[in-house]
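Visitor: okay, predicted coordinates and the sequence, questions at the end:
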Amino acid sequence: MQLKEKVDLPAFYQANGTQVICEFTSGPEEARRWFSLNDVVMGGKSTGTLQFDSSCNAAVFSGTLSSEGSGGFASVRSGDLEMDLSRFGGFELDIEEGDGRIYKLCAIGPAKELGVVYQADFRAPGTGEKRKIVQIPFSTFKASVMGRSVPDIGTLKGADVSQLGLMVSKVSENGGDTPGFLYGPFELRVKSIKATA
């Protein structure tokens with residue numbers, strides 16, 4: 001499968017012990033740097049994209065989860081992150097709105113050629129709920145390959161992160177069933193992703 005060419009992420013700033021990795025509020029450029037990676041790679045029929053929505057100044061991760069085929073997930077990934085996150089201890093997501101589903105923040109490191117992805121589940125705010133800040137320490141990420149847990153890989157380190165991703169899946173971070181998972185449409189609106197101390 002051919003993915004988009006490597007891209008450089010825009011300039012970032014540091015403030016209050018945080019570092020902006022992806023800022024989606026200023027226009028469509030950042031969202032365009034992300035590409036879809038859905039269950040079609042496994043014969044599934046789910047869809048998922050990340051697009052800028054000017055009505056809320058946020059990136060919208062949306063699509064449809066299908067029970068056809070052997071998939072059951074939709075995801076998007078950033079281009080390569082050309083920044084040093086070694087002095088940070090986790091990530092912070094600023095979520096404008098959601099649908100109450102459980103999503104994953106994914107971190108991809110040097111073992112991506114082996115299919116290793118670090119994942120951490122988080123619940124999006126439901127319809128009508130207030131904007132939500134989600135903080136996820138690196139220590140809570142679980143390593144997996146094709147949805148199967150691989151605990152011997154070791155703990156995620158900031159220095160190893162080369163890409164980020166967002167995912168919605170029938171499989172949880174631990175390899176079991178995701179609580180409350182439903183096939184059908186999904187939507188998550190994200191303002192920014194930051195690294196935190």
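Guide: Okay, I see it.

Visitor: in three-state terms, label the residue lying closest to Asp84 once chain neighbours are set aside for me.
Guide: Excluding the flanking residues, the one nearest Asp84 by Cβ to Cβ, 6 or more residues apart in numbering is Ala159, at 6.9 Å. Heads up, the C-betas are built off the backbone N, CA and C, glycines and all. With DSSP: H, G, I helix; E, B strand; the rest coil as the basis, Ala159 sits in helix.

Visitor: ok, Ala159 - contacts?
Guide: 84-86 (Cβ atoms under 8 Å, 6 or more residues apart in numbering).

Visitor: most neighbours out of these, which is it?
Guide: Leu85 (20 neighbours; other Cβ atoms under 10 Å).

Visitor: Provide the secondary structure category for that one.
Guide: coil.

Visitor: pick out the residue nearest the middle of this protein.
Guide: Leu166 (1.9 Å; Cα atoms, centre = their mean).

Visitor: surely it meets Phe186?
Guide: No - using Cβ atoms under 8 Å, Leu166 makes no contact with Phe186, being 10.6 Å away.

Visitor: shared neighbours, the two?
Guide: Common contacts of Leu166 and Phe186, defined by Cβ under 8 Å, 6+ apart, comprise Phe61.

Visitor: quick one: the strands in this structure?
Guide: 14-15, 18-23, 35-36, 47-53, 58-65, 73-77, 90-97, 102-108, 116-123, 132-137, 142-145, 148-149, 163-169, 184-196 (DSSP state E).

Visitor: can you tell me the strand partners of the last one and which way each runs?
Guide: Applying DSSP bridges, strand 184-196 is found paired with strand 18-23 (antiparallel), strand 58-65 (antiparallel), strand 90-97 (antiparallel).

Visitor: turn these into CSV, including distance to Pro110 and mean neighbour count.
Guide: Shown next, in CSV, are the strands paired with strand 184-196 (distance: least, Cβ to Cβ, whole Å; neighbours: other Cβ atoms under 10 Å):
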stretch, distance to Pro110, mean neighbour count
strand 18-23, 18, 19
strand 58-65, 25, 22
strand 90-97, 18, 21
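
Visitor: mean pLDDT and distance to Val190 for these - can I get that in JSON lines?
Guide: Converted to JSON lines, the strands paired with strand 184-196 look like this (pLDDT from 0 to 100; distance: least, Cβ to Cβ, whole Å):
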{"stretch": "strand 18-23", "mean pLDDT": "94", "distance to Val190": "8"}
{"stretch": "strand 58-65", "mean pLDDT": "98", "distance to Val190": "5"}
{"stretch": "strand 90-97", "mean pLDDT": "96", "distance to Val190": "6"}
